[in-house]
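**Q** sequence plus the predicted model coming up.
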Amino acid sequence: MDIDTTQPWGLAIDFAGRATITEAGHTIYVNVSDSSYNSIIAPDSISGTYAPVTVAAQFTEWGANGSAIRGSARTTIMPIGTAMVVPDQTAVQSVVAAALANFVDNTASYTALAAKWTPSNDDPGDGDGTEDPTATT
């Protein structure tokens, strides 16, 4: 992912902290948000510190019979002392890379699982959990 150096978080995000990018042939949804319950960015009234910022990336690819493989990653950026979190242009880049790596890992895991599973003669493996009345044993 190329970082847009003109943007504080390395890519253009909307007012709600969302962005959509295409990377490695996947449409990836990115979200940058703080964990406060307040709509106004201000220090917590008890601790005097600002809320951490979470950067998340996720996507889903759909296959046959409603199958889905997901890739997701998340990181939290903590404030230092009583200062606000400083935007990190590499945070989104690293989370997107981690989501892509998670997708590759999940694909390998599901492929290994599918290779081990063999439907019985009574169930054609269509995913409905019922036996095939025309099957012979």
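**A** Everything's here; your move. Numbering: from 1, shown residues only.

**Q** which regions of the chain sit below the pLDDT cut-off?
**A** Applying pLDDT under 70 to the chain flags the ranges 37-40, 118-137.

**Q** can you give me the helices for the protein?
**A** Assigned by DSSP state H, the chain shows helices spanning 89-116.

**Q** got the contact list for Thr82?
**A** By C-beta atoms under 8 Å, 6 or more residues apart in numbering, the contact set of Thr82 is Pro43, Gly48, Thr49, Tyr50. Any C-beta I mention is one placed from the backbone N, CA and C, and that applies to glycine too.

**Q** at 7 Å what do you get?
**A** Taking C-beta atoms under 7 Å, 6 or more residues apart in numbering, we find Thr82 in contact with Pro43, Gly48, Thr49.

**Q** what do you get for Thr5?
**A** Contact analysis of Thr5 by C-beta under 7 Å, 6+ apart lists Gln89.

**Q** are any of the contacts of Thr82 buried, and which?
**A** Of the members of the contacts of Thr82, none is counted as buried by neighbours, 16 or more other C-beta atoms under 10 Å.

**Q** give me the subset of these lying in strands.
**A** Using DSSP state E, no member of these falls in strands.
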